[in-house]
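Peer 1: this one's structure only:
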């Protein structure tokens, strides 16, 4: 468990460092509160950050999905105290799905910030809170696998390939055991491993 916490701590530190490099000139625009299972569609314009609220209780498991329809976006998960808990971004594509899970550490209103990595164009996205329930051991392990995958993705952007493979494999092992070999997240994990091998020429 300590090793898991250390991995997550490293990931959060990396996300914080990335966030500090982002410009802070954007206008914050409140979008209201997310409801479980209810998709919301918005158009993001240059120079703005969309801010969504979610009321959560300590000990809950949360899952979020953001579909990028015509623009690449950065997704930030902020605690009630304003601390960055996670940052997601797939900069290599314009259209994709940003997904994340986490265990709620404190009761209150969590904020989801949506912003473009570069304020150059407007575009559409869809956001949905896909899960909000008690964080059982099973869901805690899912969060662990998710954190490992995000950490591997960060190391890959830094060309730190020695760290990538063991993280992807550990995430894959957890997901196969918890979700089964045919689950979409397991397939995505395998695709990520295959893509990594192509990058390093293996």
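Peer 2: That came in fine, so what should we check first? None of the values given here were measured: they were computed from a predicted structure.

Peer 1: which element follows the helix or strand bottoming out on mean pLDDT in the chain toward the C-terminus?
Peer 2: Counting by mean pLDDT, DSSP states H and E, the chain has its least confident helix or strand at helix 2-20, which shows a mean of 52. Going down the chain from helix 2-20, the next helix or strand is strand 27-33, by DSSP states H and E.

Peer 1: Just give me how far the helix or strand just after that following strand sits from the chain centre.
Peer 2: Per DSSP H and E, strand 27-33 leads on to strand 40-44 as the next helix or strand towards the C-terminus. Centroid displacement of strand 40-44 relative to its chain, using Cα atoms, centre = their mean, to the nearest Å, is 18 Å.

Peer 1: what element comes up after strand 40-44 heading to the C-terminus?
Peer 2: Following strand 40-44 toward the C-terminus (DSSP H and E): strand 48-56.

Peer 1: buried stuff in that next one?
Peer 2: 48, 49, 50, 51, 52, 53, 54, 56 (16 or more other Cβ atoms under 10 Å). Using the backbone N, CA and C atoms, a C-beta is placed for each residue, glycine as well.

Peer 1: Sheet partners, orientation included, of that strand?
Peer 2: strand 27-33 (parallel), strand 108-115 (antiparallel) (DSSP bridges).

Peer 1: Let me see the residues that make contact with that strand.
Peer 2: 26-34, 40, 42, 44, 62, 104, 107-115, 127, 129, 132 (Cβ atoms under 8 Å, 6 or more residues apart in numbering).

Peer 1: Tell me the buried residues in the longest strand seen in the chain?
Peer 2: Of all the segments assigned as strand in the chain under DSSP state E, the longest by residue count is strand 123-134. For strand 123-134, burial by neighbour count (16+ other Cβ under 10 Å) applies to 123, 125, 127, 128, 129, 131, 132.

Peer 1: Quick check: beta-bridge partners of the second one?
Peer 2: Listed by DSSP bridges, the beta-bridge partners for residue 125 are residue 42, residue 68.

Peer 1: Could you pull up the contacting residues of it?
Peer 2: By Cβ under 8 Å, 6+ apart, the contact list for residue 125 reads 41, 42, 44, 66, 67, 68, 69, 71, 73, 114.

Peer 1: ok so, going back, include pLDDT and distance to residue 143 when you put the buried residues of strand 123-134 into a markdown table, please.
Peer 2: Listed next are those as a markdown table, based on pLDDT from 0 to 100; distance: Cβ to Cβ, whole Å:
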| residue | pLDDT | distance to residue 143 |
| --- | --- | --- |
| 123 | 89 | 29 |
| 125 | 94 | 23 |
| 127 | 97 | 19 |
| 128 | 97 | 18 |
| 129 | 97 | 15 |
| 131 | 96 | 11 |
| 132 | 96 | 13 |
